[in-house]
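[1] next come a sequence and a model predicted from it.
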Amino acid sequence: MLKRNNFWLTAALVTGLAIPAWGPAWGAETTADTIVATVNGVDITVGHMIATKTGLPEQYQSLPDNVLFAGILEQLIQQTVLSQSLDGEQSRIITLSIENELRTMRAGDALDAKIAEAITDASIQAAYDARFADAEPSTEYNASHILVETEDEAKEIRKLLDEGANFADLAKEKSTGPSGANGGELGWFGLGMMVKPFEDAVISMKAGNVSDPVQTQFGWHILILNESRLQDAPSIDSVREELEAEIQQEAVEVAITALTDAATITRVEEDSIDTSALSNIGLLEN
């Protein structure tokens, strides 16, 4: 089916795009039931075109409607004449695919409705308050490090620093870590973002201090704490998308669980089915 869909996009749709763009020449109000073409007595409506557009890849969605219009119409006309040319009964795979597609779309609409109900200004505020209302300002740290393989190398670097060597220059010259090229700078980070020995060393330091050698699973570090700051809770707008995603996930899980628990579901025993049948498309030809 994927290859067929690609064919429509590259042949019918693109062919239609070569037709001059449609202008706003409708005489009456356009509705979903407005007929745009009739093929051997079968009507194609604006509604059909809208539904087709929603399934197009993003690069087509971004085209202006007056440009896209002709391509979609051409696609639907070509699909209609080909569909009408098919003799005999509809194949079983088409029937089953339609059932699956309808199931998928109805399930999507049901979830969209549940999500729309769940995501409100009140629910976002409640989620924000639950996470941040009682949160104390947290300390963030800005540090740099030089990473080497052995303790002796780390001690030698510490000695050079005590003698007045520039930290950033030594990091560029000797650090094996990816931050070395940037003078060892790690930027701002909070608690829990670094491995424990590294974090413990940073917490114990004052701005401008250089650490003794610190061992982690990555090797041996010499650290310098550049500065620290207290970070207040983020504004609700800055975390709105994150909160919405959490509410959405919870709403979906709650809806699916509730509906599944309330449904009467009978599953066959797994060992009673030949699972290789899943790849046997010939079964649909029987």
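    Yes, it's here.
[2] for the stretch 101-250 of the chain, what spans make up the strands?
    Ranges of strands within the stretch 101-250 of the chain are 138-148, 185-189, 214-216, 219-231, based on DSSP state E, counting those that start in this stretch.
[3] sheet partners, orientation included, of the shortest one?
    Its sheet considered, strand 214-216 pairs with strand 219-231 (antiparallel) by DSSP bridges.
[4] buried ones in the strand it pairs with?
    Gly219, Trp220, His221, Ile222, Leu223, Ile224, Leu225, Asn226, Ser228 (16 or more other CB atoms under 10 Å). All C-beta spots, glycine's among them, are computed from the backbone N, C-alpha and C.
[5] tell me the phi and psi of the closest residue to Phe132 other than its chain neighbours?
    Using CB to CB, 6 or more residues apart in numbering and skipping the chain neighbours, the partner closest in space to Phe132 is Ala233 (4.1 Å). Dihedral angles of Ala233 (phi, psi; degrees, to the nearest 10) stand at phi -60, psi 140.
[6] ok, back up a step: ok, which of the strands of the stretch 101-250 of the chain comes nearest Leu170?
    Ranking these by proximity to Leu170 (CB to CB) places strand 138-148 first, at 5.9 Å.
[7] partners of the closest one, with directions?
    strand 185-189 (antiparallel), strand 219-231 (antiparallel).
[8] mind listing what's buried in that strand?
    Buried-residue list, strand 138-148, by 16+ other CB under 10 Å: Glu140, Tyr141, Asn142, Ala143, Ser144, His145, Ile146, Leu147, Val148.
[9] just put the buried residues of strand 219-231 in TSV and tack on distance to Ile115 and pLDDT.
    Shown next, in TSV, are these (distance: CB to CB, whole Å; pLDDT from 0 to 100):
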residue	distance to Ile115	pLDDT
Gly219	47	96
Trp220	50	97
His221	46	97
Ile222	50	97
Leu223	45	97
Ile224	48	97
Leu225	44	96
Asn226	43	96
Ser228	40	94
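[10] out of those, which comes closest to Gln84?
    Gly219 (71.2 Å).
[11] touching, the closest one and Leu147? I think so.
    Yes - between Gly219 and Leu147 a contact is recorded at 5.2 Å, counting by CB atoms under 8 Å.
[12] shared neighbours of the two, anything?
    Thr176, Gly177 (CB atoms under 8 Å, 6 or more residues apart in numbering).
[13] sorry, back to before: could you single out the nearest of the buried residues of strand 138-148 to Arg103?
    Checking those one by one against Arg103 (CB to CB), the nearest turns out to be Glu140, at 48.6 Å.
[14] do you know how far the residue nearest to Phe132 is from Thr45?
    Per CB to CB, to the nearest Å, Ala233 is found 52 Å from Thr45.
[15] using CSV, write out every CA atom in stretch 175-193.
    Taking C-alpha atoms only, stretch 175-193 is exported to CSV below (Å, rounded to 0.1, in the frame of the first residue of the first chain):
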residue,chain,number,x,y,z
SER,A,175,41.8,17.1,28.9
THR,A,176,40.5,13.9,27.2
GLY,A,177,36.9,14.9,27.7
PRO,A,178,34.7,16.5,25.0
SER,A,179,34.7,19.8,26.9
GLY,A,180,38.4,20.2,26.6
ALA,A,181,38.3,22.0,23.3
ASN,A,182,36.1,24.6,25.1
GLY,A,183,38.5,25.1,27.9
GLY,A,184,36.8,22.5,30.1
GLU,A,185,33.6,24.5,30.5
LEU,A,186,30.5,22.5,31.4
GLY,A,187,28.0,25.3,31.7
TRP,A,188,25.2,25.4,34.3
PHE,A,189,23.9,22.2,35.9
GLY,A,190,21.8,21.3,38.9
LEU,A,191,21.9,18.5,41.4
GLY,A,192,21.5,15.0,40.0
MET,A,193,22.9,16.0,36.6
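[16] ok, Glu227 - contacts?
    Tyr141, Asn142, Ala207.
[17] which residues does it bridge with?
    Asn142.
[18] tell me the spacing between it and Asp33.
    Taken as CB to CB, the span from Glu227 to Asp33 is 66 Å.
[19] tally of neighbours for Val239?
    17 (other CB atoms under 10 Å).
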